[in-house]
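*Asks:* give me a 3D structure for the following:
(one chain, ligands or ions: 1)
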Amino acid sequence: MTIYLNGLYLPVEEARISVLDRGFIFGDGVYEVIPVYSRRAFRLSAHLQRLQRSLDGIRLANPHSLAQWTSIFDELIAQSESDDSYLYLHITRGAAPRDQAFPNPPVAPTVFVMCNPLSRPSAALLASGVCAVTAQDNRWLRCDIKAISLLPNVLLRQLAVDAGCAETVLIRDDSFLTEGSASNIFVVKNGTLLAPPKDNLMLPGITYDVILEIAAANSIPHEVRKISKTEVFDADELLLTSSPKEVLAITRLDGQPVGNAEPGPMFKRLYTLYQEFKRDVMRAP
Ligand code: PDD
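*Replies:* Sure thing, here's the model as predicted:
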């Protein structure tokens, strides 16, 4: 596989970074995950806007213009063996003697991009839904930055894997829903789609935005507001969204059925509309 690293296209085995890279030492960097369908990046400008927001959040200059990013992506997509893939891009504050403070003068950032095959959820998983567990959201207070320092998410996600499940649903202050360890979470109650508001406690998901746009365009009742822990456990349906998983039904939570433990009508409608939306966007010139 060919990857992009600091201006070069290289076989992944030949790519090298310094052990003093601040991404390695401090997790001092940000990243993006962009799905590619039929060799075209999905919602590219929204992903690059969020990247800019994350870079601003850590006070790091964007190393590339839109034209430069696009040319890197085009090259990696052209070399990908798969029509459907995802771009992973990762920018750190570069390599410098170990000191928490920013290097002064600044050093060149490290820029890494790869394009991997996308494995979308199987038909079986779409039909059955997935199970999830809940946990206290013990992450920092800037979860809106897509930071590469993901140790809390790693530990929280493993709780789900340990329980044979797909995701950990995070509850802040034992009181309200934030998101999943690697996804956004929606609650469905009495035919209304409920989404937590974008704030510093969750990642502003690109798929989350698409789902809310689809709901608005199709007159699906929806509300963006704080969702209590009780509402999560009383949900008729629970949905998770992310770029690689798109939209999936959570049918069991902490070992208990969600609704009747099957993907419900809201999931089915949104899944179908999401696939149509993707086809339309990908067909557009
Ligand atoms: N993660 N919340 C968190 C904590 C996430 O890590 C992700 C995605 C999302 C969903 O965002 P989007 O719809 O833009 O993919 C929400 C990516 C896929 C990852 O870390 O691999």
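*Asks:* who does the residue nearest the centre of the chain form a beta bridge with?
*Replies:* Closest to where the C-alpha atoms of the chain average out (C-alpha atoms, centre = their mean) is residue 242, at 4.9 Å. Bridge pairing for residue 242 (DSSP bridges) gives the partners residue 246.
*Asks:* for the stretch 1-150 of the chain, which residue gets nearest to the ligand?
*Replies:* The ligand sits closest to residue 33 of the stretch 1-150 of the chain, with a gap of 4.1 Å, by C-beta to the nearest ligand atom. To be clear about C-beta, it is placed using only N, CA and C from the backbone, and glycine gets the same treatment.
*Asks:* determine the set of other helices and strands touching the host helix or strand of that residue.
*Replies:* Using DSSP states H and E, residue 33 sits in strand 29-37. With contacts taken as 3 or more C-beta pairs under 8 Å, 6 or more residues apart in numbering; DSSP states H and E, strand 29-37 sits against helix 44-57, strand 85-92.
*Asks:* in CSV, list these along with mean neighbour count and mean pLDDT.
*Replies:* Putting those into CSV (neighbours: other C-beta atoms under 10 Å; pLDDT from 0 to 100) gives the following:
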stretch, mean neighbour count, mean pLDDT
helix 44-57, 17, 98
strand 85-92, 22, 98
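*Asks:* stretch 113-131: end-to-end distance?
*Replies:* Across its full length, stretch 113-131 reaches 32 Å between end residues, using C-alpha to C-alpha, to the nearest Å.
*Asks:* that stretch close to the ligand?
*Replies:* No. If you take C-beta under 6 Å from any ligand atom as the test, stretch 113-131 misses the ligand, and the best it gets is 10.8 Å.
*Asks:* please identify the buried residues of the worst-scoring helix or strand of the chain on mean pLDDT?
*Replies:* The weakest-scoring helix or strand in the chain, judged by mean pLDDT, DSSP states H and E, is helix 265-283 (a mean of 93). If you call a residue buried by 16 or more other C-beta atoms under 10 Å, then helix 265-283 has these buried ones: 266, 267, 270, 271, 273, 274, 277, 278.
*Asks:* switch those over to CSV; also include distance to the ligand.
*Replies:* Shown next, in CSV, are these (distance: C-beta to the nearest ligand atom, whole Å):
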residue, distance to the ligand
266, 18
267, 16
270, 14
271, 15
273, 16
274, 11
277, 14
278, 13
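*Asks:* residue 43 is in contact with residue 205, isn't it?
*Replies:* No. Under the criterion of C-beta atoms under 8 Å, residue 43 is not in contact with residue 205, lying 10.7 Å apart.
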